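Novice: Sequence and predicted model, in that order:
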Amino acid sequence: MSISLSSSQNNNKAFILLSEKGLKITKNRLNILNLLLSSNLPLSHQDIKKMLPKLDKVTVYRVLDTLCKNKIVHKLETQNRFWLFAVCLCGKNEHCHPHFYCKKCKKTECLNDISLPQWNEFRKGYLIENQEIYLYGLCLNCSKGV
């Protein structure tokens, strides 16, 4: 997993994101948000717990729930039927970008550079509450030599 921002940039961004939503700035929220900001891949609850072993699992669930409800983080369900979490910089808490799932290594990644169309009208009487688009195949590492 590569780091996209320096530690101090993460701290500043996490602080700003929490402040903009009027949330109390806590060490646990900052630590989890910093971890998500520095990850290029969405992380599971278990991933976060492993990387922040001093936090108990209930605290991790509560922080993730707060971040999702406040539209800082979005969650997506994987093929393995568990949730992954990633920072949602669009502020809509919707899946504003597609996700790629590698069938070989089982990793899911956000394709932030691709925007999904916004459906204002679908069919008369229909109300779209959420949209998700997954692309399936082999990631760059797994497709080598195929």
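Specialist: The structure has been received and is ready for your questions.
Novice: my guess is Arg29 is in a strand, correct?
Specialist: No - if the criterion is DSSP: H, G, I helix; E, B strand; the rest coil, then Arg29 is helix and not within a strand.
Novice: before we move on, what SS does the residue nearest to the spatial centre of the chain have?
Specialist: Centroid-nearest residue in the chain, with Cα atoms, centre = their mean: Ala86, separated by 1.1 Å. Recorded secondary structure, Ala86: strand (three-state DSSP).
Novice: who touches it in this structure?
Specialist: Ala86 is in contact with Leu36, Ser39, Leu41, Pro42, Leu43, Val73, His74, Leu76, Cys110, counting by Cβ atoms under 8 Å, 6 or more residues apart in numbering. In this view, the C-beta of every residue, glycine as well, is placed from N, C-alpha and C.
Novice: Now, of these, which are buried?
Specialist: Among the contacts of Ala86, those classed as buried by 16 or more other Cβ atoms under 10 Å are Leu36, Ser39, Pro42, Leu43, Val73, His74, Leu76, Cys110.
Novice: re the thing from before, can you check the pLDDT for the residue nearest to the centre of the chain?
Specialist: Looking at Ala86, its pLDDT is 88.
Novice: What of His74?
Specialist: Here, the pLDDT recorded for His74 equals 85.
Novice: can you name the farthest residue from the center of the protein?
Specialist: For the chain, the residue at maximal distance from the C-alpha centroid (Cα atoms, centre = their mean) is Lys124, at 31.9 Å.
Novice: which residues in this protein form helices?
Specialist: Ranges of helices in the chain, per DSSP state H, are 7-20, 27-38, 45-51, 57-69, 140-143.
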